[in-house]
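**Q** predicted coordinates and the sequence they were generated for:
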Amino acid sequence: MGFEHTDSATLSFPAVRPEEGEALSSWLARIARAHLLDIDHVADEIGCRVQSVDHAPTDQLIGRIAQRIGASTDVVLAASHPLITPTVVPGHGDFDWRVCSGCLTLDTEQGRALHVRRAWLHPLSTVCLEHHSALTIPTAEEWGQLTTDEVTPPRQDHGLRDLAREPLDSLLRAARLVEAGPPSSRETQVLAREVSDLVDALGVQINYALGRGAILTLFEEPRRGRHIRPLALDLPDGLLSVLDVADRLLFVRAALALRWPSEGYQQERAVLGDWFKRVMMATVPVGRRRVIGDHPTDPLCLLAVALPVQPFHRLCQRAGGWSEDLQRRWASAEQLAALAGLN
Ligand SMILES: [Zn+2]
């Protein structure tokens, strides 16, 4: 008889209820605040780092959290995103949070606790479906209200607020596909693979004939005037899982823009048009430029031309797992790269 610590609901009083659609990590962080506990103490109680609970928690972990906070397993399970896999756990140990400032402002205005939505946590979710605005890293002020004092906010990237030069419809399309609730479809799985492969490619050092920097620089320079340092010389495998939260947003947005360009490449023509021509002028031998001149401005062509030989061929091998549409576009990008004489 007596007090059995391992079975007790040590985090149940004062009771903190989840907000609608709140992510499990966000809920636990608010429980820590309400109990004046630091995050590591809550981690000891539930047997898992609070930063990791959103990534495919086991039934055992769900059960233990439910027991500790005095809630039903169904309520705890509902706070975890069904499509987030263990393979996308960020390696840096930060909270994997991105937020919509508009939604957090509404929380304040409507008298709710500020909270991170479960739907925002999937790596392919980069925009808010309510406000059609970019998800960003919480500001210091938002961060202070979302978690406890001892947790350091991750790196900010203020450039991510600007969506004007990216195909918003593509970002919304991906966010809708992975919104928490519906079961994982084949389309979602294939998209996750394509984005992962494209992110790997975007991190590679550009063909030296074009300069220094990651391939992402080719898209980020015209969009936001930024140079991105290279993360690999050959095609990495699973870059997404080691990037910090801000870089994951940046790379995934660029990969989605590559995956689903705007209708008739209108936006890409406006944003990348001159740039595309300059890259072609730098890479394509004079005698072949006339052939290239009529080529549509598919941003995938820019990627194919700028990849060095070895990572280019590795990416070709991975293309077998892509959707038919992307495979077809890649095939013509491959042809263009061959014409350019680089790959
Ligand atoms: Zn919003």
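**A** Arrived safely. Here the structure is a predicted model, which is why all the values come from computation and not from measurement.

**Q** how about the residues of the stretch 1-150 of the chain near the ion?
**A** Neighbours of the ion within the stretch 1-150 of the chain, by C-beta under 5 Å from the ion: Cys100, Gly102, Cys103, Cys128, Glu130, His131. Where you see a C-beta, it was placed from the backbone N, CA and C, and this is true even at glycine.

**Q** mind doing that once more with 8 Å?
**A** Residues of the stretch 1-150 of the chain that fall close to the ion, judged by C-beta under 8 Å from the ion: Cys100, Ser101, Gly102, Cys103, Leu106, Cys128, Leu129, Glu130, His131, Ser133.

**Q** ok, the stretch 151-300 of the chain next?
**A** Within the stretch 151-300 of the chain, not a single residue sits near the ion (C-beta under 8 Å from the ion).

**Q** SS state for whatever residue of the stretch 151-300 of the chain ends up closest to the ion?
**A** Using C-beta to the ion, Ala175 is the residue of the stretch 151-300 of the chain that sits closest to the ion, at 10.9 Å. Here Ala175 takes the helix state, with states given by DSSP: H, G, I helix; E, B strand; the rest coil.

**Q** what would the residues of the stretch 1-150 of the chain next to the ion look like in TSV with pLDDT and secondary structure?
**A** Listed next are those as TSV, based on pLDDT from 0 to 100; DSSP: H, G, I helix; E, B strand; the rest coil:
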residue	pLDDT	secondary structure
Cys100	97	coil
Ser101	96	helix
Gly102	97	helix
Cys103	98	helix
Leu106	97	helix
Cys128	98	coil
Leu129	97	coil
Glu130	96	coil
His131	97	coil
Ser133	97	coil
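
**Q** now these: which count as buried?
**A** Cys100, Ser101, Cys103, Cys128 (16 or more other C-beta atoms under 10 Å).

**Q** widest-spaced pair of those?
**A** Distance extremes for these: the farthest pair is Ser101 and Cys128 at 8.9 Å, using C-beta to C-beta.

**Q** and the next helix or strand past the helix-or-strand element of the chain with minimal mean pLDDT?
**A** The helix or strand of the chain with the poorest confidence is helix 289-293; it has a mean of 70 (mean pLDDT, DSSP states H and E). Following helix 289-293 in sequence order, the next helix or strand is helix 299-306 (DSSP states H and E).

**Q** what packs against that next one?
**A** helix 186-202, helix 217-224, helix 245-259, helix 266-283, helix 324-340 (3 or more C-beta pairs under 8 Å, 6 or more residues apart in numbering; DSSP states H and E).

**Q** which other residues reach that helix?
**A** 198, 201-202, 206-207, 210, 215, 218-219, 257-258, 261, 265, 268, 272, 276, 279-280, 283, 295, 312, 326, 329-330, 332-334, 336-337, 340, 342-343 (C-beta atoms under 8 Å, 6 or more residues apart in numbering).

**Q** ditto for stretch 203-223
**A** 165-166, 201-202, 226-236, 239, 250-251, 254, 257-258, 271-272, 274-275, 279, 282-283, 299, 302-303, 305-308, 311, 342.

**Q** deepest of the helices and strands packed on helix 299-306, which one?
**A** helix 245-259 (a mean of 24; mean count of other C-beta atoms under 10 Å).

**Q** state the mean pLDDT of that one.
**A** In this model, helix 245-259 has a mean pLDDT of 96.

**Q** can you tell me which of the helices and strands packed on helix 299-306 is nearest to Arg49?
**A** It's helix 245-259; of the helices and strands packed on helix 299-306, that one is closest to Arg49 (C-beta to C-beta) at 15.4 Å.

**Q** low-confidence ranges in the stretch 1-150 of the chain?
**A** Scanning the stretch 1-150 of the chain for pLDDT under 70 picks out 1-7, 87-93.

**Q** mind listing the helices for it?
**A** For the stretch 1-150 of the chain, the helices defined by DSSP state H, counting those that start in this stretch occupy 24-34, 39-46, 59-69, 73-78, 101-109, 140-146.

**Q** buried ones in the first one?
**A** Read it as helix 24-34. Leu24, Ser25, Ser26, Trp27, Leu28, Ala29, Arg30, Ile31, Ala32, Arg33.

**Q** distance to Gly70 for those - can I get that in CSV?
**A** Converted to CSV, those look like this (distance: C-beta to C-beta, whole Å):
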residue, distance to Gly70
Leu24, 15
Ser25, 18
Ser26, 18
Trp27, 13
Leu28, 13
Ala29, 17
Arg30, 15
Ile31, 10
Ala32, 15
Arg33, 17
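
**Q** contact partners for the closest residue to Thr136 other than its chain neighbours?
**A** Using C-beta to C-beta, 6 or more residues apart in numbering and skipping the chain neighbours, the partner closest in space to Thr136 is Leu160 (5.3 Å). Neighbour list for Leu160: Ala134, Thr136, Ile137, Ala246, Leu249, Leu250, Arg253 [criterion: C-beta under 8 Å, 6+ apart].
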